[in-house]
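A.B. asks: Here you go, sequence then predicted model.
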Amino acid sequence: MRRPSGNFTSFLTAVLVAACASAPRVNVQSESAAIAARNSDLLAAVTAKDAARVSAFYAPDAVLLMPNVASLQGREAIRRSWNGMLGMPNFRFSFNPTRIDVAAAGDMAVDVGTYTLSFDGPQGRVDDRGNYTTGWRKIDGQWMITTDMANSVLPLPVAQPVVAVVEMDQAQMLGSAGMQWTDLAVPGFPPGLKMAVVHGDPSKAADYTLRLRFPDGYVFPPHWHPGAEHVTVLTGTFMLGMGDRYDASALKSYAPGDFIYAPPKMSHFGTVRGETTVQLHGTGPFAINLTKPAS
């Protein structure tokens, strides 16, 4: 077997050195600055409460991992999640990157930092803070988020023991088969809406629980209630929007098990997909008032 000559070896070495020298070098500092700029643009989109702009920062197959909720995968699922968060009353969110690490190849990176979050919930103001980790990948020359994970640093609330004395003659148990459904005729509403009173008397100034059943495709116009509504979706798909004019683009979809809180006198409207039943409770008297659109 012939061994390569010294001239050939020298030639091969020169070719490899030239190839390495011609390979583009990654400017880690420049790429870190580019990711920092993307973070600034992302925060601006959050501040503007623009869910479409926010979701555009995520890769098509991105994964979002947030505290106390199931993981979300895909840009559309992430957009819906952000849309729900941005729509919460007095929503405030901010984050501060503290470290950005860019891979030597220059196509992947990780940044970590801190975040603060607050909004008005049914029981009052909610404040949270914690840490986050975001994975980035360069796609067609643009840095995109591939994984986004946050964890709260606040301790879990300690459950306080509850001692309750209930008179048995005040207790109430009602099976769904025993509920009495009646037509609910509301001026300005299409026919077909039905109601069942689960507990209390909605016409009195006391606590009540009732259920509403909508036929498939039912559309209800903008209206408001004197008291707050606490709504839980039981079956079907409940689609709700806020405002004094019907706007299909503002509708948000809620599935069985989802909860909605509507403050007193807040106008809302919506529709359903499939026969849909919701349960709502509050303090009466319960009333439905059509909204008069602003001129």
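C.D. replies: Cool, the structure landed. Residues are numbered from 1 along each chain as shown.

A.B. asks: helix/strand/coil for the residue most central in space within the chain?
C.D. replies: Nearest residue to the geometric centre of the chain (CA atoms, centre = their mean): residue 81, 2.6 Å. Secondary structure, DSSP: H, G, I helix; E, B strand; the rest coil: residue 81 is helix.

A.B. asks: Could you report the pLDDT at it?
C.D. replies: On pLDDT, residue 81 comes in at 88.

A.B. asks: what about it, distance to residue 215?
C.D. replies: 30 Å (CB to CB, to the nearest Å). C-betas here are computed from N, CA, C, even on glycine.

A.B. asks: now swap in residue 280 and tell me
C.D. replies: Separation of residue 280 from residue 215 (CB to CB): 18 Å.

A.B. asks: between those two, which one's more packed in?
C.D. replies: A direct count of neighbours by other CB atoms under 10 Å for residue 280 and residue 215 places residue 280 higher, at 20 against 15.

A.B. asks: The helix or strand where that one lies: which residues count as buried?
C.D. replies: Using DSSP states H and E, the element containing residue 280 is strand 268-283. Within strand 268-283, the residues that qualify as buried are 268, 269, 270, 271, 272, 276, 277, 278, 280, 281, 282, 283, counting by 16 or more other CB atoms under 10 Å.

A.B. asks: try stretch 212-222
C.D. replies: 212, 213, 214, 218, 220, 221, 222.

A.B. asks: quick one: the host helix or strand of residue 111 to chain centroid distance?
C.D. replies: For residue 111, the element it lies in under DSSP H and E is strand 108-121. Centroid separation for strand 108-121 versus its chain: 14 Å, with CA atoms, centre = their mean, to the nearest Å.

A.B. asks: now the angle from the very next helix or strand once past that strand to strand 108-121?
C.D. replies: Following strand 108-121 in sequence order, the next helix or strand is strand 124-139 (DSSP H and E). Strand 124-139 and strand 108-121 are oriented at 160 degrees to each other (axes from the mean of the first three to the mean of the last three CA atoms, to 10 degrees).

A.B. asks: Point out the other elements, helices or strands, that strand 124-139 touches.
C.D. replies: Contact here means 3 or more CB pairs under 8 Å, 6 or more residues apart in numbering; DSSP states H and E; on that basis strand 124-139 packs against strand 108-121, strand 142-152.

A.B. asks: in its sheet, what does that strand sit against?
C.D. replies: strand 108-121 (antiparallel), strand 142-152 (antiparallel) (DSSP bridges).

A.B. asks: could I get the strand holding residue 111 in CSV with only the CA atoms?
C.D. replies: Below are the C-alpha coordinates for strand 108-121, written out as CSV (Å, rounded to 0.1, in the frame of the first residue of the first chain):
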residue,chain,number,x,y,z
MET,A,108,-29.6,28.2,19.2
ALA,A,109,-29.7,30.2,22.4
VAL,A,110,-31.2,30.3,25.9
ASP,A,111,-32.1,33.3,28.0
VAL,A,112,-33.2,33.4,31.6
GLY,A,113,-34.6,36.2,33.8
THR,A,114,-37.4,37.3,36.1
TYR,A,115,-41.0,38.2,35.6
THR,A,116,-43.9,40.0,37.4
LEU,A,117,-47.6,39.4,36.7
SER,A,118,-50.8,40.9,38.1
PHE,A,119,-54.5,41.2,37.2
ASP,A,120,-57.9,41.5,38.9
GLY,A,121,-59.5,38.2,39.7
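
A.B. asks: which residues touch it?
C.D. replies: Strand 108-121 is contacted from outside by 31-32, 35, 39, 85, 88-103, 125-138, 143, 150, 261, using CB atoms under 8 Å, 6 or more residues apart in numbering.

A.B. asks: Which phi and psi values does residue 26 adopt?
C.D. replies: Dihedral angles phi and psi of residue 26 (degrees, to the nearest 10) take the values phi -80, psi 130.

A.B. asks: tally of neighbours for it?
C.D. replies: Around residue 26 there are 14 other residues, counting by other CB under 10 Å.

A.B. asks: Would you map the helices across the protein?
C.D. replies: For the chain, the helices defined by DSSP state H cover 6-22, 28-47, 51-55, 75-86.

A.B. asks: What is the distance between the third one and the centre of its chain?
C.D. replies: On the basis of CA atoms, centre = their mean, helix 51-55 is displaced by 12 Å from the centre of the chain it belongs to.
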